[in-house]
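K.L.:
Pasting a predicted model and its sequence here:
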Amino acid sequence: MTPELTALTLAVLLQGAQFCVYSVLAQMQVGPRYAASPRDEPRQLTGTAGRAQRALNNHFESLALFTPAVLVITLADKSTAFTAACAWVYLAARLLYVPAYLLGWVPWRSLIWVVGFLATMALLLAALI
């Protein structure tokens, strides 16, 4: 497995862990009865539960860019030390982004997001070279 695919696999596992954290925090806020219901009437999550939900959604959006970047690098056989480093930087940024969002680190959360985004864009540009 290429380093980029390993980083992608770990990023998806991180997404699963984030989902578990979000689920626990959300259920603590809305209660098990609402969580098990069809949720016909939406409830707005606040505080840490709301931040966990937004961080989870942001990771879905981030993976929507990172996944094709990794696949293009892998399928085009363009894996290099640079692309591997970009993939690991992306993963590190995502690992830092979760506590940054949950704990409200301003402006660090946004800067961490930019690092992950730029690493993904660098992967895509490397695929074209």
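P.N.:
Thanks, I have it.
K.L.:
Check which residues of the helix or strand hosting residue 8 are buried.
P.N.:
Assigned by DSSP states H and E, residue 8 belongs to helix 3-30. Buried positions in helix 3-30, judged by neighbour count with 16 or more other C-beta atoms under 10 Å: 3-4, 7-8, 11, 14, 18, 21-22, 25-26, 29-30. (C-beta placed from N, C-alpha, C; glycine too.)
K.L.:
What residues does residue 2 make contact with?
P.N.:
Each residue near residue 2 by C-beta atoms under 8 Å, 6 or more residues apart in numbering is listed here: 73-74, 79, 84.
K.L.:
Can you convert the residues you listed into TSV and add a column each for pLDDT, secondary structure and neighbour count?
P.N.:
Formatted as TSV, those follow (pLDDT from 0 to 100; DSSP: H, G, I helix; E, B strand; the rest coil; neighbours: other C-beta atoms under 10 Å):
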residue	pLDDT	secondary structure	neighbour count
73	97	helix	25
74	97	helix	17
79	97	coil	18
84	98	helix	17
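K.L.:
Which two among those residues are spaced furthest apart?
P.N.:
Longest distance between any two of the contacts of residue 2 is 11.3 Å, between 74 and 84; criterion C-beta to C-beta.
K.L.:
what do the two both touch?
P.N.:
Joint contacts of residue 74 and residue 84 (C-beta under 8 Å, 6+ apart) are 2, 4.
K.L.:
residue ranges for the helices of the chain, please.
P.N.:
Ranges of helices in the chain, per DSSP state H, are 3-30, 32-36, 47-75, 81-102, 108-128.
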